[in-house]
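Enquirer: here is my input, please return the structure:
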Amino acid sequence: MKHNTFLSADKNTTSHFVCWEPECEPIGTVQIIHGMAEYIERYEDFAKYLNGIGFIVIGHDHLGHGKSVMKDEPKHGYFGLGEPLTFVLEDIQYVKEWTEMNYPDLPHVMLGHSMGSFALRNYLQLYKSEISGAIFMGTGKNAALMSLGLSLTKGLNRTAPDKPNNWLDHMTFGSFSKQFPEDGRFNWLSKNQENVTQYENDPLTGFTFTNNGFYTLFRLVEGANRNGWAQNIDQDLPILVISGEQDPVGDFGKGPRKVAKELDEAGIKDVSLVLFAELRHEILFEFEKNEVYKAIGNWLQKRIDITFEG
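Expert: Prediction:
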């Protein structure tokens with residue numbers, strides 16, 4: 001794993017990104033866009049699997065996540081004032097351009113998980129540059145709740161942007177944990193409770209978003225679900241929608257199904273939907289993760305028209 005940095009679009013923060021390279025001759029690149037309140041290095045096991053089948057894997061820490069925080073006053077869950085939504089999307093574009101510059105002859109696929117999936121759905125509407133595929137993981141609709149959240153946080157983002165909002169965190173995610181038998185506020189992430197424990201004990205995961213963070217999150221979700229969003233995506237782009245059917249973010253399978261349907265109705269020519277009946281939100285961290293890895297690997301194999309052994 002190689003570490004690197006770039007100046008974020010906010011012009012204040014040194015953002016962190018990593019690159020995992022295979023030992024064999026690479027056949028493609030995969031850019032991972034991570035989710036809320038986590039960081040890119042959590043994906044190392046998955047990245048090594050992709051390395052094993054010939055893919056270079058690249059990903060960065062979003063603003064206010066992992067190592068992409070201001071050194072003098074680190075604020076996790078804070079994206080910055082001005083246009084934080086633009087910062088998120090422009091940082092994704094920077095990493096994509098870096099990848100294309102360093103590996104110009106390889107097909108490029110982008111994978112967004114959870115908040116990262118909403119960011120990717122925004123990104124693909126804005127940037128029309130050619131890629132070989134997109135994967136929406138742990139995604140959903142959530143339009144009504146996020147519309148309410150956006151109206152609540154618009155003012156708070158102006159008056160107290162860097163204040164963590166525990167009340168809003170509970171209102172947004174508190175009901176998720178009630179759906180499952182295990183104790184704890186993060187039991188909805190995985191039925192693999194070892195992963196939940198690691199998440200709870202890691203200081204870089206599970207932190208409460210600031211008002212600015214929630215405002216940015218809700219704007220991402222709003223943009224991903226606006227009327228006609230799928231019609232703004234290149235119809236020739238292969239897309240995989242993949243989630244756990246016990247994921248409350250996706251309303252227990254309803255959200256991913258709606259997303260796939262909207263893509264299909266918008267004329268996207270190659271839309272695949274894969275749901276794992278027993279898995280929750282973090283499907284890459286469940287006991288059955290190897291099944292998820294192989295499903296993604298098989299999809300990559302078919303879509304970039306390259307033969308490799310999974």
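Enquirer: nearest spatial neighbour of residue 299, skipping sequence neighbours?
Expert: residue 240 (5.0 Å; Cβ to Cβ, 6 or more residues apart in numbering). For glycine as for every other residue, the C-beta is placed from the backbone atoms N, C-alpha and C.
Enquirer: that neighbour bridge partners, please.
Expert: residue 135, residue 272 (DSSP bridges).
Enquirer: secondary structure element for the spatially most central residue of the chain?
Expert: For the chain, residue 116 is the residue whose C-alpha lies nearest the centre (Cα atoms, centre = their mean; 2.1 Å). If you go by DSSP states H and E, residue 116 is part of helix 115-126.
Enquirer: and that helix, what does it pack onto?
Expert: strand 28-33, helix 84-102, strand 108-113, strand 133-137, helix 211-225 (3 or more Cβ pairs under 8 Å, 6 or more residues apart in numbering; DSSP states H and E).
Enquirer: hang on, the earlier thing: which residues sit in contact with the residue nearest to the centre of the chain?
Expert: 32-35, 62, 137 (Cβ atoms under 8 Å, 6 or more residues apart in numbering).
Enquirer: what would those look like in CSV with distance to residue 156 and pLDDT?
Expert: Output for these, formatted as CSV (distance: Cβ to Cβ, whole Å; pLDDT from 0 to 100):
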residue, distance to residue 156, pLDDT
32, 30, 98
33, 26, 98
34, 25, 98
35, 22, 98
62, 20, 98
137, 29, 98
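Enquirer: now the lowest-mean-pLDDT helix or strand in the chain against helix 211-225, angle please.
Expert: Ranking every helix and strand in the chain by mean pLDDT, DSSP states H and E puts helix 143-159 at the bottom, with a mean of 79. Angle between the axes of helix 143-159 and helix 211-225 is 140 degrees (criterion: axes from the mean of the first three to the mean of the last three Cα atoms, to 10 degrees).
Enquirer: give me the residues contacting the helix or strand following helix 143-159.
Expert: Using DSSP H and E, the helix or strand that follows helix 143-159 towards the C-terminus is helix 166-173. Counting by Cβ under 8 Å, 6+ apart, helix 166-173 makes contact with 145, 149, 152-153, 185, 188, 208-209, 211, 214, all of which sit outside it.
Enquirer: where in this protein is pLDDT low?
Expert: Confidence mapping of the chain against pLDDT under 70 gives the ranges 72-74, 143-147, 305-310.
Enquirer: quick one on the thing from earlier: any idea how far the least confident helix or strand of the chain is from the middle of the chain?
Expert: 21 Å (Cα atoms, centre = their mean, to the nearest Å).
Enquirer: stretch 296-306 too?
Expert: With Cα atoms, centre = their mean, you get 20 Å for stretch 296-306.
Enquirer: counting by contacts, list what the least confident helix or strand of the chain packs against.
Expert: helix 166-173, helix 211-225.
Enquirer: out of those, which comes closest to residue 112?
Expert: helix 211-225 (9.7 Å; Cβ to Cβ).
Enquirer: against residue 137, how distant is residue 222?
Expert: 20 Å (Cβ to Cβ, to the nearest Å).
Enquirer: more neighbours, these two?
Expert: residue 137 (29 against 19; other Cβ atoms under 10 Å).
Enquirer: show me what contacts the spatially closest residue to that one that is not a sequence neighbour?
Expert: Leaving aside its chain neighbours, residue 137 sits nearest to residue 113 (4.5 Å; criterion: Cβ to Cβ, 6+ apart). Each residue near residue 113 by Cβ under 8 Å, 6+ apart is listed here: 32-35, 137-138, 284.
Enquirer: ok, so of these, who is nearest residue 104?
Expert: Closest to residue 104, out of all of the contacts of residue 113 and judged by Cβ to Cβ, is residue 32, at 20.0 Å.
Enquirer: in the sheet, who's paired with the closest one?
Expert: residue 59, residue 111.
Enquirer: residue 251: neighbour count?
Expert: 14.
Enquirer: I figured it hits residue 141, correct?
Expert: Yes - contact criterion Cβ atoms under 8 Å: residue 251 and residue 141 qualify, at 6.9 Å.
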